[in-house]
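1. what's the 3D shape of this:
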Amino acid sequence: MKWHEYALNADKNSRHVLGISGGKDSAALAIYIKEHYPEISEKMEYFFTDTGAELQEVYDTLDKLEAYLGKEIVRLGSEKPFEYWLRLHNNYLPSPRQRWCTRTMKIKPFEKFVGDDPVISYVGIRADENREGYISQRETIKAVFPFAEDGLIRDDIFQILEDSIGIPEYYEWRSRSGCYFCFFQRQD
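-> Model (predicted):
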């Protein structure tokens with residue numbers, strides 16, 4: 001069953017949620033669903049999990065996206081500032097081997113936000129990416145991947161953004177959104 005068929009036929013009590021990172025893929029996914037699947041878009045809840053270490057341009061993108069969607073993007077957080085978690089981890093910055101930031105500051109607030117509700121989580125992984133992203137261990141959370149299933153690739157995502165809210169400004173000098181120290185940034 002295609003992702004949109006699954007979403008349209010889901011239990012009426014299922015929540016439809018889309019996490020916005022402030023980056024290109026999640027922003028474009030929200031726009032794509034609004035433009036191509038309005039019956040799903042009207043059910044959608046948008047959220048952003050704030051680490052407190054985000055670039056100002058991330059917040060600017062969230063504001064533009066919120067205006068375009070005509071819906072609030074709920075701001076979630078871990079209830080403690082980034083510096084607290086850094087001290088708790090002996091001032092050890094997150095790394096690919098120790099991704100405490102994702103677990104503590106992104107996943108836990110998301111799982112608290114959805115609680116035990118049945119949830120369809122929309123994930124902006126593209127057809128040209130070879131990764132899974134976060135797959136919940138909870139049976140109540142089902143992830144769907146519209147871009148991957150519909151065959152959208154990086155160029156499509158940039159076109160969606162150019163035609164709507166514009167490409168986030170930090171892509172002029174960074175490879176990704178997120179925290180200012182993100183270990184996923186390329187060296188160049």
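2. Give me the distance between residue 167 and residue 1.
-> 33 Å (C-beta to C-beta, to the nearest Å). Glycine gets a C-beta too; all of them are placed from N, C-alpha and C.
3. Which of these two has more residues huddled nearby?
-> Taking other C-beta atoms under 10 Å, residue 167 and residue 1 do not tie; residue 167 has more neighbours (17 against 7).
4. how far out from the middle of the chain is the longest strand seen in the chain?
-> Using DSSP state E, we find that the single longest strand of the chain is strand 44-50. Between the centre of strand 44-50 and the centre of its chain there are 7 Å (C-alpha atoms, centre = their mean, to the nearest Å).
5. Counting by contacts, list what it packs against.
-> Applying 3 or more C-beta pairs under 8 Å, 6 or more residues apart in numbering; DSSP states H and E, we find strand 44-50 packed against strand 15-19, helix 24-36, helix 56-69, strand 73-77, helix 108-114.
6. Now for this protein, the helix or strand with the poorest mean pLDDT.
-> Sorted by mean pLDDT, DSSP states H and E, the helices and strands of the chain end with helix 100-102, the least confident at a mean of 70.
7. Okay, now the unreliable bits of this protein?
-> Filtered on pLDDT under 70, the chain yields the residue ranges 100, 133-134, 174-188.
8. Quick check: which element contains the residue of it most remote from its centre?
-> Residue farthest from the centre of the chain, counting by C-alpha atoms, centre = their mean, is residue 90 at 28.0 Å. Residue 90 is part of no helix or strand when elements are defined by DSSP states H and E.
9. Please tell me how far it sits from residue 98.
-> Applying C-beta to C-beta to residue 90 and residue 98 gives a distance of 11 Å.
10. repeat for residue 67
-> Using C-beta to C-beta, one obtains 37 Å as the distance from residue 67 to residue 98.
11. before we move on, what about residue 168?
-> In terms of C-beta to C-beta, residue 168 sits 27 Å off from residue 98.
12. quick one: which of those two has more around it?
-> Neighbour totals were compared for residue 168 and residue 98, and residue 168 leads with 22 against 12 (other C-beta under 10 Å).
13. what sits against that one?
-> Neighbouring residues of residue 168 by C-beta atoms under 8 Å, 6 or more residues apart in numbering: 22-24, 27, 57-58, 60-61, 161, 177.
14. go again using 6 Å as the cut-off
-> Residues near residue 168 by C-beta atoms under 6 Å, 6 or more residues apart in numbering: 57, 61.
15. From residue 149, how far off is it?
-> 24 Å.
16. before we move on, what about residue 5?
-> Going from residue 5 to residue 149 by C-beta to C-beta gives 10 Å.
17. Of those two, which one has the most company?
-> Neighbour totals were compared for residue 5 and residue 149, and residue 149 leads with 13 against 9 (other C-beta under 10 Å).
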